[in-house]
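A.B. asks: Requesting a structural model of the entry that follows:
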Amino acid sequence: MASTFSVLTGNRSFRNLFLAELVVFGADWFVMVPLLVLLPHLTGSGVWGALVLAVDTGIVALLLPYTGTIADRFDRRKIMIVANVAALAGVLLLLGVRSRGTAWLALVAIGAVAVAKAFYSPAAQAALP
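C.D. replies: Next comes the predicted model:
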């Protein structure tokens, strides 16, 4: 049986998929944690942080039953690429969150990342044998 390290070093396709998974899901948490600290600081209320968590969880929960079907019917590689680009656009949108008046951008950005995550997850899981 091959070790984990040998699978990562010997199989280029799996290594690329593994690195993409690290970027998508790692970036999701590295964005969420500072955002949950920043929003109460900017707005003076914890409601915005709760809304961000609700948007993230709610969108993924609502879309996952449908995105699995889409991953089965369309090219998974293209779905994962488009999802990663959409997640990048959402993360870049977070750069605009700088004051109380722009706090709503966080909801839109996290919503975009959640949609991307909902499409990426089933496509990546179905790509593995």
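A.B. asks: Could you use CA atoms for every contact and neighbour count after this?
C.D. replies: Fine.
A.B. asks: so what does the helix or strand harbouring residue 110 touch, helix or strand wise?
C.D. replies: Assigned by DSSP states H and E, residue 110 belongs to helix 104-127. For helix 104-127, the packing partners by 3 or more C-alpha pairs under 8 Å, 6 or more residues apart in numbering; DSSP states H and E come out as helix 12-43, helix 47-73, helix 76-93.
A.B. asks: what mean pLDDT does that helix have?
C.D. replies: What helix 104-127 shows for mean pLDDT is 89.
A.B. asks: ok, residues contacting it?
C.D. replies: Helix 104-127 is touched from outside by 17, 24, 28, 35, 51-52, 55-57, 59-60, 63-64, 67-68, 71-72, 76-77, 79-80, 82-84, 86-91, 93-94, 96-97, with contacts defined as C-alpha atoms under 8 Å, 6 or more residues apart in numbering.
A.B. asks: try stretch 59-79
C.D. replies: With C-alpha under 8 Å, 6+ apart, stretch 59-79 has contacts from 111, 114, 115, 117, 118, 119, 120, 122, 123, 124, 126, 127.
A.B. asks: give me that answer again for 10 Å
C.D. replies: For stretch 59-79, the external contacting residues (C-alpha atoms under 10 Å, 6 or more residues apart in numbering) are 17, 54-55, 80, 82-85, 110-127.
A.B. asks: Flag every buried residue along the helix holding residue 110.
C.D. replies: 104-124, 127 (16 or more other C-alpha atoms under 10 Å).
A.B. asks: give me phi/psi at residue 99?
C.D. replies: Residue 99 has phi and psi values of phi -150, psi 180 when expressed as degrees, to the nearest 10.
A.B. asks: Closest to the centroid, which residue in this structure?
C.D. replies: Among the residues of the chain, the one closest to the centroid is residue 117, at 3.9 Å (C-alpha atoms, centre = their mean).
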